[in-house]
Each structure stands twice: as structure tokens, then as C-alpha cells.
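**Student:** need a 3D model of the sequence below.
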Amino acid sequence: MGGGKPFKRILGKIYIMEGDEYVTDDDPKGDTKIDINGNLLGGRRFKAQTFVLPNRHPERKYMLAIDAARTSGFRDSLYYFRRNPLALKLNATQWEKEYLIEQGKLGSHLKTRSVTLVTARSAYKLHGAKMLLDGRWIVDDYYEDKVLEEITAKGLRPGDLVGELQDPNAMNEVAALAGGASNAVQSSKNERSGGGFGMYRAGGPTTIFGGSGWGPYSDGPLNAVRKSYLTREGVNEENWMYVAAERTIEATSDWAKLRRENLRLAGGIYGDLLGAEQDASRVEKRAASEAPQEDTKKRRTLESDLPLGIYEPQTGIVFYRSDTQPTRARWEALPDDQEKRRVLGGTKAGGGGWGLAWVDTVMEVPTEQEDPWAPDRERYKDLLDVPSS
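**Tutor:** Numbering: from 1, shown residues only. Okay, here's the model as predicted:
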């Protein structure tokens, strides 16, 4: 069935093992982005480091399974292989581990540990743009048609940046493999909800390069682990500040994007009404033919009169930008008009006394910039108006 080559049945289909990976369907568009040996084309770069194992193939690129997992959005390699049965797990031999340690691709503490690998090409075919620096949906994916269906269901568009993936603190599994102190293992279990190799990590210093009062590669008993990981990430004494600044900018951009996406007309409390109008406006022909001109004008007026805000469900309040709020307010009781208004009311006094009152709210917009010193100047007017002798 496999033509004399090893094979495995996965999800009811036979896959042949060749070149340290399962032989899966090729895509003409995808082959323009990566070659047969796992070298990315068109200026694309993996987030994880790749390497060549000369005993396996002189040119084929491999990567650590843990790096492939975390750059694809999985918490560890075990979960990665469990969710991706088409990723062929390769166990590194003792010679390969020593070779990778010598090349600076693997921490020396993993010399006696089990280390798993995958080919760079097979990992890229599975997760495409997720694994690349500044990866973009569809543009950097191997199977474009398949990914297009997936992102369309999520409301994403081709060409959008993939952004940060929700993977855990990148030091957790390495710390667990180090097996040093038992508290390191406990920390690994407690920090599963962390956010990748970003600016912040729970339970430790917020700096990505050294801690308060420590050397650049120091992290308590796991200093060798930290140095090995930072070396694989390309962080050193010369560029660590640039890396920190770059990731700060990325975090700021993510937060700004999140705030912009949450802004709605009147906080979204008229969601059913305005949402239907916005959907109708996207289909111009249908909106023009079915909606009367007068109704369309009213809708546009309603939308223009409603400010953008964020609805807070716990209090039921819509929050607006501070620079759109009044800076002061006053209450003025106006004299009655000459014409007395007819009002509904009870008796003039006693327990049955009640009535209706008119309260008009008026917003006054200053025509020119207010002088912040005007109140103080008015207060000390007598002292300032000193006649000249």
C-alpha cells in the first residue's frame, strides 16, 4: 500500500512517511513561499530558529517541536502533536542533541532529556502565517483556499496581520524540563495562562532581559535555561533594549486596536436598530431601491447625532471620551413667563402637593479659548487696577 515505504493511517487516510515528514497534498501557490527543504521564499522569516542536521540531510531545515508549537499558538509540544496528527514527531538522537548544543540551538541542560523535532516545511504547511514574523493571513499561508474559509468565518480579511497568538509563557516548559527545584515545576503549572514571550510574565520580573539587580542572563537557578532561550530568540546584550521597545510598541498597537473595535455609536445600546442600518448601507443597491429617501435621511441624522462610546455592562453606563464632556455645569432658575402654562398637579400644599416642572438642558460651547487665569484675575481686580501716579 505504501510502495515499500513506511506509512500510517491518520483519520482514515493513508499517509506515506518520506523525508522525515508525512507526504501531504502540495499546493502550487504554497510552493512559491517555501522550497522542498524548508527554506522560506520571498523574504519571509520564521519566528523560531531553524537548523540543519547533517546526519539526516545536508540541506533540509528542522526546528525544535516546542518552538514550532509555541509559534503556532499551542502551549506545549505534547498538545501540538495531539492536535496536529499530520506533524511527524522526530526524536533527536544523542549525537544530534550534542550537535545542537554545540551550535547554540539547544540548552546544555537538555543533553540527557528527550528532545523532539519537526521539519520546517511540514510545520509551515500546517500553520503558515502564524509561524512567521509579521505574518499576514492568506499572503503567507501555504494552503490559501483552506485558510480563507477559516478566517472568513472569524471575520478576518486577507492581508491582515496575524498578530500575537495566545500561547503561554515561553519559559514554562523549559523550566519544567530543567527539573531543578520543585517550585519551578509548580510555577510552570500556575502560569499556563501567560501571554507568550511578550513584555510581561506572571510570577517574575517584567523585563525580558535580566531582572532587577541581576545580570543579563540571570534568572535564579535557571540562568542557563534563560541564556539558551534568549540566544535562540536572537536577544543579546546589544539589541535587548530595541527588542523590548519593539514589543512595547506592539502591545500599545494591540490595545489601541482593541479600544477602537469596542467603540460603538452610543455605546451600542441601539445595536439592533443601527446594526441593521449599517448592514443595509453596505449593500448600496438594495438600500437605494428599498429604503425611502426620507427614511435614509433620518437614519443618517440619527447616526451623526450619536457619539462614539463604550458600554460598560456591569453598571449599564456608556462611557465617552473625556474631551467631549462638559468641564462645568450650573443651575439657573428662570422667572415664570407672562403666559402661565397649564400644568397637571395636586394641591398647592400638604401631602397631596405635586406638580410638573420644565427642566431644559442647554450646552454652551465657548467661541474662543477660555483664559484659565480669568477667575483669579477677577478676584483680585481691585488690587490690579492701581491708578498710576
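
**Student:** using PDB, write out every CA atom in stretch 61-71.
**Tutor:** What follows is stretch 61-71, C-alpha atoms only, in PDB (Å, rounded to 0.1, in the frame of the first residue of the first chain):
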ATOM      1  CA  LYS A  61      15.700  22.500   7.700                       C
ATOM      2  CA  TYR A  62      14.400  21.300  11.100                       C
ATOM      3  CA  MET A  63      13.100  23.100  14.200                       C
ATOM      4  CA  LEU A  64      12.500  22.200  17.800                       C
ATOM      5  CA  ALA A  65       9.000  20.900  18.300                       C
ATOM      6  CA  ILE A  66       8.500  23.100  21.300                       C
ATOM      7  CA  ASP A  67       9.400  26.200  19.200                       C
ATOM      8  CA  ALA A  68       7.000  25.000  16.400                       C
ATOM      9  CA  ALA A  69       4.200  24.600  19.000                       C
ATOM     10  CA  ARG A  70       4.600  28.000  20.600                       C
ATOM     11  CA  THR A  71       4.900  30.000  17.400                       C
END
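
**Student:** nearest spatial neighbour of residue 14, skipping sequence neighbours?
**Tutor:** With Cβ to Cβ, 6 or more residues apart in numbering as the measure, residue 7 is the residue that lies nearest to residue 14, at 5.4 Å, once sequence neighbours are left out. C-beta: built from backbone N, CA, C; applies to glycine.

**Student:** which strand residues bridge that neighbour?
**Tutor:** Beta-bridge partners for residue 7, by DSSP bridges, are residue 16.

**Student:** neighbours around it, how many?
**Tutor:** 16 (other Cβ atoms under 10 Å).

**Student:** just residue 310 next, same as before
**Tutor:** By the other Cβ under 10 Å criterion, the neighbourhood of residue 310 contains 15 residues.

**Student:** phi, psi for it please.
**Tutor:** Note on residue 310: its backbone torsions stand at phi -120, psi 120 [degrees, to the nearest 10].

**Student:** in contact with it, which residues are there?
**Tutor:** Contacts were defined as Cβ atoms under 8 Å, 6 or more residues apart in numbering; by that measure residue 310 touches 259, 262-264, 267, 318-319.

**Student:** for residue 51, same thing?
**Tutor:** Residue 51 makes contact with 61-63, 100, 103, 105, according to Cβ under 8 Å, 6+ apart.

**Student:** using PyMOL, define a selection of the buried residues within the residues you listed.
**Tutor:** Here is the PyMOL selection string for the buried members of the contacts of residue 51, based on 16 or more other Cβ atoms under 10 Å:
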select buried, resi 61+62+63+100+105
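
**Student:** let's see which of the contacts of residue 51 end up in strands.
**Tutor:** Cross-referencing the contacts of residue 51 against strands under DSSP state E gives 61-63.

**Student:** go through the chain and flag its longest helix.
**Tutor:** Longest among the helix segments of the chain by residue count, using DSSP state H, is helix 240-262.

**Student:** low-confidence stretches in the stretch 151-300 of the chain?
**Tutor:** Low-confidence regions of the stretch 151-300 of the chain, defined by pLDDT under 70, span residues 166-226, 271-300.

**Student:** where along this protein do the strands fall?
**Tutor:** Shown for the chain, the strands assigned by DSSP E span residues 7-10, 13-16, 51-52, 61-64, 90-91, 116-119, 264-265, 308-312, 317-319.

**Student:** in its sheet, what does the last one sit against?
**Tutor:** Which is strand 317-319. The pairing partners recorded for strand 317-319 under DSSP bridges are strand 308-312 (antiparallel).

**Student:** quick one, what contacts residue 17?
**Tutor:** Taking Cβ under 8 Å, 6+ apart as the test, what residue 17 contacts is 5-8, 23, 88.

**Student:** of the residues you listed - the most surrounded one?
**Tutor:** Among these, where neighbours are counted by other Cβ under 10 Å, the top count belongs to residue 88, at 19 neighbours.
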